[in-house]
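Trainee: with the sequence up front, the predicted model follows.
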2 protein chains.
Amino acid sequence: MKDNTKLFKALSDVNRLRILKALQSKTLCVCEIKELLNLANSTVSQHLKLLKEVGFIIEEKDGKWSNYRINPLPGDARINAVLNSLDFWISDEDMIISDKKKIKALNRTKICSS
Amino acid sequence: MKDNTKLFKALSDVNRLRILKALQSKTLCVCEIKELLNLANSTVSQHLKLLKEVGFIIEEKDGKWSNYRINPLPGDARINAVLNSLDFWISDEDMIISDKKKIKALNRTKICSS
DNA sequence: TTTACATTTCGGTAGTTAACGAAATGAAAT
DNA sequence: ATTTCATTTCGTTAACTACCGAAATGTAAA
């Protein structure tokens, strides 16, 4: 039963929902997501850890970068169901649309070494 | 965006999930649910209030009793989707099965006036 | 091997949530 | 009108969560 609540708990935070939608449009590293959400990267890291644990996303190390992307092969059918119909679950699109614009303008080398 | 997280937050508590499943098998009053979950009825009342606000269940007053049942006509399509496939979302069935047995044995007049 | 830099872990804090018992509310029966 | 009893609201507490900055970790380049 713990499992069920964990899945829903992962989805019950605005910033985690934004991360999921963001990763659906592009693979991103921690500091890019930090820039998008305006959070400390320790906070972003925590959110990513949780989303990874539940199975929504995967991490791919690339040198000193950690790239996160949507889990292409979720073991749990429910994870798949959510990912395949995130737009259905997230009805308030305004923030997501504005995020999408920001994501296009993101420049990793510019943001991440300051 | 608040709306989206509220829906998932409502589903991210074990006792609320148990209530939803219980109401799918039978309309129940507060004190019957209190008996099922072994919680104070003030606590049960709070959970029911939340589930009602989000739109999962409805309340029907009958004298001094408040009967709760699954919302037969949810305005939100997502609520409908969850309700119609709760078994899909709740994969850990053990507790639910044991709840179902308890529900059958519940006797309102016996429990509720002590 | 030292430096540089992205990320993670740690310690702490403020806000939220689930729980309880007690008091307040509301509806029916005496 | 008073009593009875289910339910709700209130006040409180303990546990949890999201957040931050700082310190620790890990990797790659100098």
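Mentor: Now that the structure is in, tell me what you want to look at. Fair warning: this is a prediction, and the values are worked out from it, not measured in the lab.

Trainee: lowest-scoring secondary structure element of chain A by mean pLDDT?
Mentor: helix A:108-111 (a mean of 85; mean pLDDT, DSSP states H and E).

Trainee: and it with DNA strand C, contact?
Mentor: No - judged by CB under 7 Å from any atom of the strand, helix A:108-111 stays clear of DNA strand C, getting no closer than 7.7 Å. Placement of C-beta: from N, CA and C, glycine included.

Trainee: name the residues that touch that helix?
Mentor: Outside of helix A:108-111, the residues within contact range by CB atoms under 8 Å, 6 or more residues apart in numbering or on different chains are A:Cys29, A:Cys31, A:Glu32, A:Glu35.

Trainee: next, format those residues as TSV and append distance to chain B and secondary structure.
Mentor: Output for these, formatted as TSV (distance: CB to the nearest CB, whole Å; DSSP: H, G, I helix; E, B strand; the rest coil):
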residue	distance to chain B	secondary structure
A:Cys29	24	strand
A:Cys31	23	helix
A:Glu32	21	helix
A:Glu35	19	helix
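
Trainee: which one of these is nearest to A:Asn67?
Mentor: A:Asn67 has its nearest neighbour among the contacts of helix A:108-111 in A:Cys29, at 5.5 Å by CB to CB.

Trainee: next one, pLDDT for that closest one please.
Mentor: You'll see A:Cys29 listed with a pLDDT of 97.

Trainee: spatially nearest residue to it (excluding sequence neighbours)?
Mentor: A:Trp65 (5.0 Å; CB to CB, 6 or more residues apart in numbering or on different chains).
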